[in-house]
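# the following comprises the amino acid sequence and a computationally predicted model.
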Amino acid sequence: MSQIEYPPGVAAYVARGAAMSAAEAAQRATMRTKKFDTIAVHGLYNMEAALANQGSIIEPAYLSTSQHFENSDHMEAALAYLMPSWTYARIANPTQHYLEETVALLEGYGYPGEVSATVTGSGMAAVFMATNPFLSQDPANWAGSGAHPANIVVSAKCYGGTFMLFSQRYAAERGIEVRWVRNGLDLDEWAAQIDDGTRFLFGEMPSNPTLGVFDIAAVAALAHAHGLPLIVDSTVATPALLRPLEQGADIVVQSLSKTMGSSGMAIAGALIARHNIPSRVGPGALRENFALYVKLLPLRDHGPGLTPFSSLMLLNDIRTLRSKIDELSENTLRVATFLQTHPRVEAVNYPGLPTSPGHAIAQRDMWLVDGDADGKPVNRYGHLLSFTVAGGVTAARTVFDRLQLIWRATDLGRIKSVATIPAISTHQQQGDTGRTLAQVPGNLIRLSVGGEHYADVIDDLDQALATI
Ligand SMILES: *Cc1c(COP(=O)(O)O)cnc(C)c1O
């Protein structure tokens, strides 16, 4: 961009843009000194911004598709990305911007370096935009030897949509090798799959629907030793319980549709990245600020932007994230404990149970941010669990069909309790082999515990289990 000659009038806008960026950086620095709840409530929206918006104390929803410019110099400076602007809502928008800044501050909480975020039209769009740039076949952007085929190393315990994106869109359609890690807790299994064709490592922590756990710090160290980024989907944990960037991950993916947006009124996603990530692929801008690079280039070209209205819904949901997750986690531990002792339940997957194989790592890594009301550190393990029903698929379907309070839906993270049978819903299309790989049996029920009184949720499960 710097080689192009701009008319002198453009320089004035570039200078104005620099002042705007500096003011925003100062506000970001101020907010970084605040506690998690304060950031969640305010984000980057301050009194000065409110006064420029008729005094509105809530971030306004800018539903306009595009921005009007003062003159051609202003337009040129903006469209050349020489000053902060939003130009066209496929790329950026002020309401979306406030959501991005809030999400970046929350995922970056406790991480000393710079963090940026880009929001997307769904969680799947975020998984796609966080991974696709590393699959470049452009030799100009590839530092590998080419001795091995392009491949990605992925924990097999992952969301069905992610499984399909990787196995169908990337592997079957484009010839990218997907190397599944069956036991995410086994570091040797991760290490054995990496070679000079590897583009990134990817894992969910904890995973949907089996609540698998892996050691983010150890896998990040392994990735970094090979000059590779680690991408973590932490939709189920949210930054209220786990911040992968603080633990060494490079990029975090969130389905904002789920727990972050607990009211269930918007489909959305986010990718959040620390600056200066390792990568064997891509131009320098990709490494320097991955989230911004994605926003300005690949996301602009692929087009999976988020609507301003959904952005506002999510800002509203996120304000109370920490206290909600605290309450949902406490409810879920009680429900998990009930299920574990029930004679019709074979096994319960919940990292908060001491019997869970991932418990030690979950206990080390999953803490309610800023502790309890007195600031005392407390472990919390989230709102999602799954359990297998004794008597197989038919019994599981009977229990599921008898639920009267818990909704039957392919959804999670809601303030309302929701259950699904993954084998016939979220993990249906990956087939038997794929489900065996991801360890999703047919009699598994996934339960996202909501904000109802836990005793009522337990009663509903109890009456449903009593029928088999
Ligand atoms: C739902 C989900 C996604 C996809 O999010 P959408 O917003 O539904 O596109 C990705 N990862 C995990 C862990 C999920 O649960």
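Happy to help now that I have it. The model shown is predicted, which means the values in this text are computed figures rather than measured ones.
# from here on, just use CA atoms for contacts and neighbour counts.
OK.
# residues from the stretch 51-200 of the chain in reach of the ligand?
Proximity of the stretch 51-200 of the chain to the ligand, by CA under 6 Å from any ligand atom, involves residues 122, 123, 124, 159.
# from those, which ones fall inside strands?
Assigned to strands by DSSP state E, none of these qualify.
# what ranges of the chain fall below the confidence cut-off?
Residue ranges of the chain with pLDDT under 70: 1-3, 142-146.
# for it, what's the longest helix?
Longest helix in the chain by number of residues (criterion: DSSP state H): helix 8-31.
# buried sites along that helix?
10, 13, 14, 17, 28, 31 (16 or more other CA atoms under 10 Å).
# using PDB, list the CA coordinates for it.
The C-alpha atoms that make up helix 8-31 are tabulated as PDB, following Å, rounded to 0.1, in the frame of the first residue of the first chain:
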ATOM      1  CA  PRO A   8      -2.200  15.500  -0.700                       C
ATOM      2  CA  GLY A   9      -5.700  15.700   0.700                       C
ATOM      3  CA  VAL A  10      -5.600  12.100   1.600                       C
ATOM      4  CA  ALA A  11      -2.800  12.800   4.100                       C
ATOM      5  CA  ALA A  12      -5.000  14.900   6.200                       C
ATOM      6  CA  TYR A  13      -7.400  11.900   6.600                       C
ATOM      7  CA  VAL A  14      -4.500   9.600   7.400                       C
ATOM      8  CA  ALA A  15      -3.500  12.000  10.200                       C
ATOM      9  CA  ARG A  16      -7.100  12.100  11.500                       C
ATOM     10  CA  GLY A  17      -7.200   8.300  11.400                       C
ATOM     11  CA  ALA A  18      -4.000   8.100  13.400                       C
ATOM     12  CA  ALA A  19      -5.600  10.300  16.100                       C
ATOM     13  CA  MET A  20      -8.700   8.200  16.100                       C
ATOM     14  CA  SER A  21      -6.600   5.000  16.500                       C
ATOM     15  CA  ALA A  22      -4.600   6.600  19.300                       C
ATOM     16  CA  ALA A  23      -7.800   7.500  21.200                       C
ATOM     17  CA  GLU A  24      -9.100   4.000  20.800                       C
ATOM     18  CA  ALA A  25      -5.800   2.500  21.900                       C
ATOM     19  CA  ALA A  26      -5.900   4.700  25.000                       C
ATOM     20  CA  GLN A  27      -9.400   3.500  25.800                       C
ATOM     21  CA  ARG A  28      -8.400  -0.100  25.200                       C
ATOM     22  CA  ALA A  29      -5.400   0.400  27.600                       C
ATOM     23  CA  THR A  30      -7.800   1.900  30.200                       C
ATOM     24  CA  MET A  31     -10.200  -1.000  29.900                       C
END
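# mind giving me the packing neighbours of it?
helix 72-79 (3 or more CA pairs under 8 Å, 6 or more residues apart in numbering; DSSP states H and E).
# pull the residues that contact the host helix or strand of residue 364.
In this structure, residue 364 sits in helix 359-365 according to DSSP states H and E. Identification of contacts with helix 359-365 by CA atoms under 8 Å, 6 or more residues apart in numbering yields 213, 214, 215, 242, 351, 352, 353, 354, 379, 381.
# now these in TSV, with secondary structure, neighbour count and distance to the ligand?
Listed next are the contacts of helix 359-365 as TSV, based on DSSP: H, G, I helix; E, B strand; the rest coil; neighbours: other CA atoms under 10 Å; distance: CA to the nearest ligand atom, whole Å:
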residue	secondary structure	neighbour count	distance to the ligand
213	coil	25	12
214	coil	21	14
215	coil	19	17
242	coil	26	14
351	coil	28	15
352	coil	24	18
353	coil	19	20
354	coil	12	23
379	strand	19	21
381	coil	30	15
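# what segments of the stretch 201-350 of the chain are helices?
Under the criterion DSSP state H, counting those that start in this stretch, the stretch 201-350 of the chain carries helices at the ranges 216-225, 244-247, 284-288, 290-296, 298-302, 308-318, 321-341.
# let's have these in a markdown table, adding mean neighbour count and distance to the ligand.
Putting the helices of the stretch 201-350 of the chain into a markdown table (neighbours: other CA atoms under 10 Å; distance: least, CA to the nearest ligand atom, whole Å) gives the following:
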| stretch | mean neighbour count | distance to the ligand |
| --- | --- | --- |
| helix 216-225 | 20 | 16 |
| helix 244-247 | 23 | 14 |
| helix 284-288 | 17 | 22 |
| helix 290-296 | 22 | 17 |
| helix 298-302 | 16 | 15 |
| helix 308-318 | 22 | 12 |
| helix 321-341 | 21 | 16 |
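# in TSV, list these along with distance to residue 102.
Below are those laid out as TSV (distance: least, CA to CA, whole Å):
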stretch	distance to residue 102
helix 216-225	23
helix 244-247	15
helix 284-288	20
helix 290-296	14
helix 298-302	20
helix 308-318	8
helix 321-341	12
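# between these, which gets nearest to residue 83?
Residue 83 lies closest to helix 290-296 among the helices of the stretch 201-350 of the chain, at 12.6 Å (CA to CA).
# packing partners for that closest one?
strand 115-120, strand 269-274, helix 284-288.
# if we can go back for a sec, so which bits of the helix holding residue 364 are buried?
Neighbour counts over helix 359-365 (16+ other CA under 10 Å) mark 359, 362, 363, 365 as buried.
# quick check, nearest of those to residue 322?
Of those, the one sitting nearest to residue 322 (CA to CA) turns out to be residue 365, at 16.1 Å.
# tell me how far that closest one lies from the ligand.
18 Å (CA to the nearest ligand atom, to the nearest Å).
# begin at 785, not 1, for the rest of this chat.
In the new numbering, first residue 785, that becomes residue 1149.
# which residue does the stretch 835-984 of the chain have closest to the ligand?
As assessed by CA to the nearest ligand atom, the ligand sits closest to residue 907 within the stretch 835-984 of the chain, at 3.3 Å.
# how near is that residue to residue 965?
22 Å (CA to CA, to the nearest Å).
# just want the most central residue of this structure.
The chain has residue 1038 as the residue nearest its centroid, 1.3 Å off, counting by CA atoms, centre = their mean.
# which non-adjacent residue is nearest that one?
Closest residue to residue 1038 apart from its sequence neighbours, by CA to CA, 6 or more residues apart in numbering: residue 1019 at 4.7 Å.
# pull the CA atoms of the helix holding residue 1148 into CSV?
Written as CSV, here are the backbone C-alpha positions of helix 1143-1149 (Å, rounded to 0.1, in the frame of the first residue of the first chain):
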residue,chain,number,x,y,z
HIS,A,1143,-10.4,-33.8,35.6
ALA,A,1144,-6.8,-33.1,36.6
ILE,A,1145,-6.2,-30.8,33.6
ALA,A,1146,-9.6,-29.2,33.9
GLN,A,1147,-9.0,-28.5,37.6
ARG,A,1148,-5.6,-26.9,36.7
ASP,A,1149,-7.0,-24.8,33.8
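# how far is it from where the chain is centred?
20 Å (CA atoms, centre = their mean, to the nearest Å).
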